[in-house]
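K.L.:
coordinates for the following, if possible.
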Amino acid sequence: MSKAETAGLGEEARKVVQQLVDLMGLAAMATVAEESDEQIIIDMAGADIGILIGRRGETLQALQLIAAALFHRETESDVRLIVDAEGYRDRRSDSLTEKAKQIADEVRSSGKEAVLDSLSAFERRVVHLALSEDPDIYTYSEGEGRERVLVISPKE
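P.N.:
Predicted coordinates:
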């Protein structure tokens, strides 16, 4: 899509997300935080932000999934839609990166694999990227659906 074709998509995405949040009955406002040819980031702020994020970001992830489906159906755009809440995704990413490095140190010293379960696809990706440059460690995912786990393993 050209710049002219993507113009206004940020506002369209914002409206979709805001309508969903309003239907949820939550006090939160959507704003366009970033808009490019590749992605649109909608940031949420407001009194009900904790409810909107949900346990370990599950509600926020569900909102993003539904909003993206509606947005793509309405606009026929292939621009990626990301919904964030007061910087939650960056904070979660930083926290996961730190935890992954600590677990990698334990794996390195023990020589035994560590299994991390209950991670979303976003969270697994963060861990994979955080440890991708470690010369002594490799990561892989196994399982399907909600049973998918991430394994941190020593290189042999």
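K.L.:
got any ranges where the chain has weak pLDDT?
P.N.:
Per-residue confidence of the chain (counting by pLDDT under 70) places the weak regions at 1-7.
K.L.:
that one: helices as residue ranges?
P.N.:
Under the criterion DSSP state H, the chain contains helices at 3-6, 9-24, 49-53, 58-75, 88-110, 121-131.
K.L.:
list the buried residues of the last one.
P.N.:
Of all the residues in helix 121-131, those buried under the rule 16 or more other Cβ atoms under 10 Å are 122-124, 126-128, 130-131. Every C-beta, even on glycine, is put in place using the N, C-alpha and C of the backbone.
K.L.:
any idea how far the most centrally placed residue in the chain is from Lys155?
P.N.:
Among the residues of the chain, the smallest C-alpha distance to the mean C-alpha position (Cα atoms, centre = their mean) belongs to Phe122, namely 4.3 Å. Noted for Phe122: a distance of 25 Å to Lys155, by Cβ to Cβ, to the nearest Å.
K.L.:
ditto for Asp48
P.N.:
When distances are taken as Cβ to Cβ, Asp48 and Lys155 turn out to be 45 Å apart.
K.L.:
what's the distance between Ser109 and Gly46?
P.N.:
44 Å.
K.L.:
quick one, which of these two is more surrounded?
P.N.:
Here Ser109 and Gly46 are compared on neighbour count by other Cβ atoms under 10 Å; more neighbours surround Gly46, at 15 against 9.
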